[in-house]
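Trainee: sequence? don't have it. structure:
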């Protein structure tokens, strides 16, 4: 646990030290976001759980993901192509626009509420699963400075897909390999439960 907190502190400090990017213009971002709406919804609330909601997500996190797609640190058949021609300013503007939108609420499954809440709040020390609340907060709001994403309102199915991607190594752009190390110890059942609960937080 002490090691986890040390990594969190280091990531937060790094975020503060490297936050030197073009300032995002949300108004310009709205215009540029027209093409994004086909998958993510005009206001960033995607109607399909196959695509993440971007509304209300931290601009710092959104910007990092766009940068990672462009550099190849994160791969997706659609997104890598979409960001190829984006400038630093474009990415900052898009991030600012979507961050300023209001995410539609999610709802946790009743049958997964107890087990998911236990994992989210307390983790599972026996299997080396750290509590999600340490980075993503009691309401799932995340941490903008450390670039820990907000989970509140996000599609539960999308959260689960990303956790499984961290677990199998197909996604590895997490700071300090934190999510990979945590997900590596989680079962499908645990991932589904905690994803459901995280989605319903507010």
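Mentor: It's in. Not measured: the values here are computed from a predicted model.
Trainee: Tell me which residue lies farthest from the centre of this protein.
Mentor: Within the chain, residue 126 marks the point farthest from the mean C-alpha position, 25.9 Å out by Cα atoms, centre = their mean.
Trainee: gap between that residue and residue 189?
Mentor: Using Cβ to Cβ, to the nearest Å, residue 126 is found at 15 Å from residue 189. Every C-beta, even on glycine, is put in place using the N, C-alpha and C of the backbone.
Trainee: Name the next helix or strand downstream of the helix or strand hosting residue 166, please.
Mentor: Assigned by DSSP states H and E, residue 166 belongs to helix 156-168. Using DSSP H and E, the helix or strand that follows helix 156-168 in sequence is helix 178-183.
Trainee: who are the neighbours of that next one, in terms of helices and strands?
Mentor: helix 2-17, helix 156-168 (3 or more Cβ pairs under 8 Å, 6 or more residues apart in numbering; DSSP states H and E).
Trainee: Tell me, how many residues neighbour residue 59?
Mentor: 21 (other Cβ atoms under 10 Å).
Trainee: wait, what's in contact with it?
Mentor: Taking Cβ atoms under 8 Å, 6 or more residues apart in numbering, we find residue 59 in contact with 24, 92, 95, 96, 98, 99, 144.
Trainee: Where among the helices and strands packed on helix 178-183 is average confidence lowest?
Mentor: When the helices and strands packed on helix 178-183 are compared by mean pLDDT, helix 2-17 comes last with a mean of 48.
Trainee: For the residue nearest the centre of the chain, grab phi and psi.
Mentor: The residue lying closest to the centre of the chain (Cα atoms, centre = their mean) is residue 149, at 3.9 Å. When read as degrees, to the nearest 10, the backbone of residue 149 gives phi -70, psi 150.
Trainee: I figured it was touching residue 56, is that so?
Mentor: No. Taking contacts as Cβ atoms under 8 Å, residue 149 lies outside contact range of residue 56: 10.4 Å.
Trainee: which ones are touching residue 40?
Mentor: Residue 40 touches 46, 51, 52, 53, 54, 98, counting by Cβ under 8 Å, 6+ apart.
Trainee: For it, which non-adjacent residue is closest in space?
Mentor: Spatially, and ignoring its direct neighbours in sequence, residue 40 is nearest to residue 46 (4.7 Å; Cβ to Cβ, 6 or more residues apart in numbering).
Trainee: The one you found - that's part of a helix, no?
Mentor: No. Using DSSP: H, G, I helix; E, B strand; the rest coil, the secondary structure at residue 46 is coil, not a helix.
Trainee: who are the neighbours in contact with it?
Mentor: 39, 40, 52, 53, 54, 155.
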